[in-house]
Structures are given as structure tokens and as C-alpha cells.
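Q: how would this look folded up:
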Amino acid sequence: MSAENKLSLRVLIAEDSETLTAILTKMLEDLGHEVVGIFEEGEGVLQGCIDTSPDLVLMDINLSG
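A: From the prediction side, this is the model:
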């Protein structure tokens, strides 16, 4: 697949584990995606989605808040 045909997503991460967040960020960026926000509590995720308009949200199902 050529570079101009590669799909690049804007991704928001909602995860309270710093280790997992770092791994996800590295993996996504290595694949050519843009991490547009990282949230550790659920309270800011909705506003983060409004502010950044991500294509994809990766969210911990047991996130506090």
C-alpha cells in the first residue's frame, strides 16, 4: 500500500493506566495515526470528543468518573 493511500485516523485515548496509554500512543503513531487527546478520567472525555472530533475513541471500560 502506498503512503498516499494509507488511512490515518485521529484517535482519542481514554485510559487511566499511564503504561498502557504510552504503549497505545507509540503503536498508533508508528502506524501513522494522530493521538488528539489523552484522558485519565471519564469526566473530560465527552468534552474532549467535542473539542477534537476524533475518528476513533479507545476507552477503558472501567474508567473512573
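
Q: what's stretch 15-23 in contact with?
A: For stretch 15-23, the external contacting residues (C-beta atoms under 8 Å, 6 or more residues apart in numbering) are 13, 24, 38-41, 58-60, 63-64. Where C-beta positions appear, they are placed from N, C-alpha and C, glycine not excepted.

Q: rerun that using 10 Å as the cut-off
A: 13-14, 24-25, 35, 38-42, 58-60, 62-65 (C-beta atoms under 10 Å, 6 or more residues apart in numbering).

Q: in the top helix by length along the chain, which residues are buried?
A: Counting residues, the longest helix found in the chain (DSSP state H) is helix 18-30. Residues of helix 18-30 classed as buried by neighbour count (16 or more other C-beta atoms under 10 Å): 21, 24-25, 28.

Q: max pairwise distance over these: which two?
A: Across those, the longest distance by C-beta to C-beta is 10.6 Å; it joins 21 and 28.

Q: give the residues shared as contacts by these two.
A: Common neighbours of residue 21 and residue 28 are listed as 13, 35, 58 (criterion: C-beta under 10 Å, 6+ apart).

Q: just the CA atoms of the helix or strand harbouring the first one, as CSV, please.
A: Secondary structure here is read from DSSP states H and E; on that basis residue 13 sits in strand 10-14. As requested, C-alpha coordinates have been extracted for strand 10-14 and formatted as CSV (Å, rounded to 0.1, in the frame of the first residue of the first chain):
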residue,chain,number,x,y,z
ARG,A,10,-7.4,10.9,14.6
VAL,A,11,-7.6,8.9,17.9
LEU,A,12,-8.7,10.0,21.4
ILE,A,13,-7.5,7.7,24.2
ALA,A,14,-9.4,7.4,27.5
